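S.K.: Return a 3D structure for these sequence lines:
(2 chains)
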Amino acid sequence: MLAELDADDEEDEHVLPDLPNAEEGAVVMRAAPNPNGPWHVGHARMPAVIGTYKERYDGEFICRFDDTDPETKRPDLNAYDAILEDIEYLGFEADRVLKASDRLDIYYEHARDLIDAGGAYTCSCSGEAFSALKNDGEACPHREKDAETVHEEFDAMVAGEYSAGEMTLRVRTDIEHKNPALRDWVAFRIIDTPHPREVAADYRCWPMLDFQSGVDDHLTGVTHIIRGIDLQDSAKRQRFVYDYFDWEYPEVLHWGHVQVDEYDVKLSTSTIKELIETGELTGWDDPRAPTIQSMRRRGIQGRALVDSMTDLGMSTSDVDLAMSSVYANNRDLVDDGANRYFLVRDREDDPAVTLSVVDGDAPAPEAGHPPLHPDHPDRGDRTVPAGRVVVESSDLPSEGERVWLKGYGCVRHTGDELVFVDADIDVVRDGDVDVIHWAPADEGLETLLRTVSGDVRGYTEPAVADVDPDAVVQFERVGFARIDAFEPAATDEPDGPTGEEDLLAYYAHP
RNA sequence: GCUCUGGUGGUGUAGUCCGGCCAAUCAUAUUGCCCUCUCACGGCAAUGACCUGGGUUCGAAUCCCAGCCGGAGCACCA
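M.R.: The predicted model follows:
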C-alpha cells in the first residue's frame, strides 16, 4: 500500500523540463503550422508539448497558420480545419487561431516602419547574383538607396507592379556577418500565383517566414518559441528586426527532427500527399499512412501519442519515436475498456479452416460463453454459437490432438471434425492443451481488418454486432482494433471493402 | 567552403550548468518465469549505454583539448 502511494507521488517524474523564465499565467506559445496538408505523426509533438506547458503554467496556446507561400508550399484549403481537428483529437484546443494570410496589411505596415528605421531596402538583384556577392561579404548596389526610393519601390511591390523575381525587400543586417546565413535576408518577395484563400487572393507581395513570424510573435505576445533545428538561425535573423524596433526577443527552444519506425512511408506532408494522389494510399486516414488521422481511425487515443511525444523531451538531437511506445501508452488507456471478441483471420499463409464440432464422450454444447472482459465479470458473457466453426490453421492441433476452444471446451482434432472431449479446464492449467480463439462458420461476420501492413480478412463472432462503431475492442490473441463500420459500402480501392463484408475494423496494435 | 548544433543501452530519457551519493535513473523493447480458459492486463527476473583519444584532478558521463560521427542553415520554402 505504501509502495503504491510512493509510485503515485512519482507520477510526473519524467515530464518536460521547466521553461526558462516562465511566469505562471504569463506564458504564451504558438504552433505555426503550414496548412499544406493534414498532420503526420511528427506534427503531434508541437501541440503535445505546447499543450503540456500550457497546462503547467496556465499559459496560452496560439495556433497561427503560416500560409505565406501560395506557390511552393501552397496551402490546402481543407488543411486548416483538418489541423484544428487533429489538435482537438490530441486533447488540446488553441486559445486563438490566426492566419498569416489575413494579416498582410500588418506586415506591410511594419515593413514601412522598418524602412523608416533604415532596416530594409528594395533589391532587384537576381537570387544568384546576390548570393555570390553575399558569400563574399559584399553589399549590392541597392543597399545604399535612399529611404524615399525604397518606399516607392516597396509600394510598387505591394501594388503588384512587379512580377515574381523582379524585386524583393531585404533586411539590412550585417553583410559581413561571419555566418553567411544571416546576411541581408529577404523579407518580402513577389509571387504571381494567387493565394487559394479568396480573402488573400489579390495579394502579390508576400513576407518570408522570418519576417512574418518574427513580427507576429511580437504582436501576439509570444513569450516562448519552440521550433525545430531547421529554424535554428531564425532567431538570429529575426533579432535584427527586433533590434530595429527595439523589441525584446522571446525565449527560444529548439528540438531535433522526429523519425518514426514501423512505417515505410516518409514522415513528410508532400510525400504522403503524393502517395495519396497516385493511389498508393487511400487517404490521410489510410492505416499505412503515418498520419494523425490514421492513428485516430485505428483507435489510438490522442493521449497515447501525446504521452509518447512529451516523453521524447526537448533534446536538440534527432530522435526516433518507437511506435511500440505509442502502443504501450495506448494499451494502458484502452485495455480496461476494450471488450474481448474473437476474430479468426483467413490469410494466405495461414488460412481459416472450417470444421464441425461433434458430440464425443459427452454431447457438444451448442455455444460457448466467454466473458466480455476477464477483469470485469460484471459485464457478462458473450454467446458464440458452435456447430460449424472456423479456426486459424496454425492453431489447429495435429490429427488426434486436443485443443481448447476458449470459452467453450476441449475438442479433439479428428479428420475434418472437432470431437468434443469431456475434460476439465485443468487440462489447460496443466499445460497439456492450448487455448485458441474460434468463430462460428455460418453465423460469423465476414470482416475486413485494415492494418499497417495491409488488409486482413476473416470472421468475427456474431456478438461483435452489439458493439457501437468507433469503440475499441480486443480481438483475443490478435490485438486491439477499432470497430469502424458495419455493412461498409464498397470502394474502388484494390484491397478495400467490396460491399460483401459485414464488418470493417481497423487494427491498432497487439 | 562558411556558420550553427549535437553525440548516455535496440528506442526514448534522467544525471552534465554547481566533478565524488552514478559499478549510471525511469520507460519501452527483447528473453525467461509466475498469474491467466488471450501471444492482453498484472507480478518477478535477466539482457543492455556514458562516441574515441589525450589532459586537469585524490576522483570525470560530468571540466579542458583534439579527433571521429551525426543533424541543420548559407532559398525570392515553411
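
S.K.: secondary structure element for residue A:483?
M.R.: Residue A:483 belongs to strand A:479-486 when assigned by DSSP states H and E.

S.K.: Ok, residue A:459 next?
M.R.: Using DSSP H and E, residue A:459 falls in strand A:454-460.

S.K.: mind listing what the strand holding residue A:483 pairs with, with the direction of each?
M.R.: strand A:472-475 (antiparallel), strand A:503-509 (antiparallel) (DSSP bridges).

S.K.: Give me the contact list for it.
M.R.: The contact list for strand A:479-486 (CB atoms under 8 Å, 6 or more residues apart in numbering) reads A:297-299, A:330-331, A:334-335, A:338, A:343, A:449-450, A:464-465, A:467-475, A:502-510. For every residue, glycine as well, the C-beta is placed using N, CA and C.

S.K.: and with 6 Å instead?
M.R.: A:298-299, A:338, A:467, A:469, A:471-472, A:474-475, A:503-510 (CB atoms under 6 Å, 6 or more residues apart in numbering).

S.K.: Residue A:425: how many residues sit nearby?
M.R.: By other CB atoms under 10 Å, 12 other residues sit near residue A:425.

S.K.: list the contacts for it?
M.R.: Residues near residue A:425 by CB under 6 Å, 6+ apart: none.

S.K.: what about it, distance to residue A:477?
M.R.: Going from residue A:425 to residue A:477 by CB to CB, to the nearest Å gives 17 Å.

S.K.: which stretches of the stretch 101-250 of chain A form strands?
M.R.: A:120-123, A:168-171, A:186-190, A:205-207, A:224-228 (DSSP state E, counting those that start in this stretch).

S.K.: With mean neighbour count, distance to residue A:404 and mean pLDDT added, can I get those in a markdown table?
M.R.: Putting the strands of the stretch 101-250 of chain A into a markdown table (neighbours: other CB atoms under 10 Å; distance: least, CB to CB, whole Å; pLDDT from 0 to 100) gives the following:
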| stretch | mean neighbour count | distance to residue A:404 | mean pLDDT |
| --- | --- | --- | --- |
| strand A:120-123 | 24 | 79 | 97 |
| strand A:168-171 | 26 | 75 | 97 |
| strand A:186-190 | 22 | 71 | 97 |
| strand A:205-207 | 25 | 68 | 98 |
| strand A:224-228 | 20 | 53 | 95 |
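
S.K.: Mind checking those strands for the one nearest to residue A:151?
M.R.: Minimum separation from residue A:151 across these (CB to CB) falls at strand A:120-123, 8.8 Å.

S.K.: How about exporting the closest one as CSV, limited to the C-alpha atoms?
M.R.: The C-alpha atoms that make up strand A:120-123 are tabulated as CSV, following Å, rounded to 0.1, in the frame of the first residue of the first chain:
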residue,chain,number,x,y,z
ALA,A,120,15.4,47.4,-45.1
TYR,A,121,16.0,48.1,-48.8
THR,A,122,14.4,47.1,-52.0
CYS,A,123,16.7,44.9,-54.1
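
S.K.: what about it, near RNA strand B?
M.R.: No - using CB under 7 Å from any atom of the strand, strand A:120-123 stays clear of RNA strand B, with a minimum separation of 7.5 Å.

S.K.: List the neighbouring strands of that strand plus their orientation.
M.R.: In the sheet, strand A:120-123 lines up with strand A:168-171 (antiparallel) (DSSP bridges).

S.K.: pLDDT averaged over the strand or helix carrying residue A:83 - what is it?
M.R.: If you go by DSSP H and E, residue A:83 is part of helix A:79-89. For helix A:79-89, the mean per-residue pLDDT is 97.

S.K.: in chain A, which spans are helices?
M.R.: Ranges of helices in chain A, per DSSP state H, are A:2-9, A:45-57, A:79-89, A:104-116, A:127-135, A:147-158, A:209-219, A:234-245, A:269-277, A:292-297, A:302-311, A:323-334, A:426-429.

S.K.: roughly how far out does the third one sit from the chain middle?
M.R.: Pointing back at helix A:79-89 there. 10 Å (CA atoms, centre = their mean, to the nearest Å).

S.K.: Equivalent analysis for the shortest one, please.
M.R.: The gap between where helix A:426-429 is centred and where its chain is centred comes out at 44 Å by CA atoms, centre = their mean.

S.K.: Show me what counts as buried in it.
M.R.: By 16 or more other CB atoms under 10 Å, the buried positions in helix A:426-429 come out as residue A:428.

S.K.: With the fifth one instead?
M.R.: Buried positions in helix A:127-135, judged by neighbour count with 16+ other CB under 10 Å: A:130, A:133-134.

S.K.: residues contacting the residue lying farthest from the centre of chain A?
M.R.: Ranked by distance from the centre of chain A (CA atoms, centre = their mean), the top residue is residue A:361, with 55.2 Å. Residues near residue A:361 by CB under 6 Å, 6+ apart: residue A:422.

S.K.: Among the contacts of strand A:479-486, which ones lie close to RNA strand B?
M.R.: Within those, those near RNA strand B by CB under 7 Å from any atom of the strand are A:474, A:510.

S.K.: Now list the buried members of the contacts of strand A:479-486.
M.R.: By 16+ other CB under 10 Å, the contacts of strand A:479-486 give A:298-299, A:338, A:467, A:472, A:474-475, A:503-509 as buried.

S.K.: Can you lay out these as a markdown table showing pLDDT?
M.R.: Output for the buried ones among the contacts of strand A:479-486, formatted as a markdown table (pLDDT from 0 to 100):
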| residue | pLDDT |
| --- | --- |
| A:298 | 97 |
| A:299 | 97 |
| A:338 | 97 |
| A:467 | 97 |
| A:472 | 98 |
| A:474 | 98 |
| A:475 | 98 |
| A:503 | 97 |
| A:504 | 97 |
| A:505 | 97 |
| A:506 | 97 |
| A:507 | 97 |
| A:508 | 97 |
| A:509 | 97 |
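
S.K.: quick check, nearest of these to RNA strand B?
M.R.: Nearest to RNA strand B out of the buried ones among the contacts of strand A:479-486 is residue A:474 (CB to the nearest atom of the strand; 5.8 Å).

S.K.: Around RNA strand B, pick out the residues from the stretch 101-250 of chain A.
M.R.: A:124-127, A:130-131, A:134-135, A:164-168, A:178-181, A:183, A:185-186, A:189-191, A:206, A:208-209, A:229-233.

S.K.: now with 6 Å?
M.R.: A:126-127, A:130-131, A:164-165, A:168, A:178-181, A:186, A:189-190, A:208-209, A:229-233 (CB under 6 Å from any atom of the strand).

S.K.: from what I can see residue A:117 touches residue A:243, true?
M.R.: No - Residue A:117 is not in contact with residue A:243 according to CB atoms under 6 Å; the separation is 9.5 Å.

S.K.: Next, the angle from the strand holding residue A:483 to helix A:323-334.
M.R.: Here strand A:479-486 points in a direction 70 degrees away from that of helix A:323-334 (axes from the mean of the first three to the mean of the last three CA atoms, to 10 degrees).
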